[in-house]
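>>> below are the sequence and a predicted model for it; my questions follow.
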Amino acid sequence: NETHVRWLDANVPGLRTFSLVIMSNEVGMAKPEPVLFRLALELLGVEARHALFVDDLQENVAAAQALGICVILHRDWAQTRPLIEAWLEQP
């Protein structure tokens, strides 16, 4: 929702460094709907196997994984950050 988006804009300035940020309220779709993941892949112009999805809800991770997207189930940054870094280092 708009309140959440405003909070993210104010408190997570790092989001501005991403080439694509999709806000559910702006596209009328929500996780774990496969159509949302397909939209992201299309807008990024990448195949599912070249995308990484990180989320703290198993149902969202499972939905992305079912489409062939690489996933990380987030629990805490001490665990998640090294997993993201390892994924980024892959050839």
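Received, thanks.

>>> beta partners of the spatially most central residue of the chain?
Taking C-alpha atoms, centre = their mean, the centroid of the chain lies closest to residue 53, which sits 4.2 Å from it. In this entry, residue 53 is beta-bridged to residue 71, by DSSP bridges.

>>> for stretch 50-58, how far is the first residue from the last?
With C-alpha to C-alpha, to the nearest Å as the measure, stretch 50-58 spans 20 Å from end to end.

>>> name the residues that touch that stretch?
Here stretch 50-58 makes contact (C-beta atoms under 8 Å, 6 or more residues apart in numbering) with 31-32, 37, 40-41, 44, 60-61, 64-65, 69-75, 80, 84, 87. Quick note: C-beta positions are derived from backbone N, CA and C, even for glycine.

>>> next one: it to chain centre, how far?
Relative to its chain's centre, stretch 50-58 lies at 5 Å (C-alpha atoms, centre = their mean, to the nearest Å).

>>> do stretch 69-84 as well
11 Å.

>>> using CSV, write down the CA coordinates of it.
In CSV, the C-alpha atoms belonging to stretch 69-84 read as follows (Å, rounded to 0.1, in the frame of the first residue of the first chain):
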residue,chain,number,x,y,z
ILE,A,69,13.9,-18.6,-10.2
CYS,A,70,16.7,-19.0,-7.8
VAL,A,71,15.5,-18.4,-4.3
ILE,A,72,16.7,-17.7,-0.7
LEU,A,73,14.4,-18.1,2.2
HIS,A,74,15.4,-15.2,4.5
ARG,A,75,15.6,-15.7,8.2
ASP,A,76,18.3,-13.2,9.3
TRP,A,77,20.9,-11.1,7.5
ALA,A,78,23.8,-13.0,9.0
GLN,A,79,22.7,-16.0,7.0
THR,A,80,21.1,-14.3,4.0
ARG,A,81,23.8,-11.9,3.1
PRO,A,82,26.5,-14.5,2.5
LEU,A,83,24.0,-16.5,0.4
ILE,A,84,23.3,-13.5,-1.8
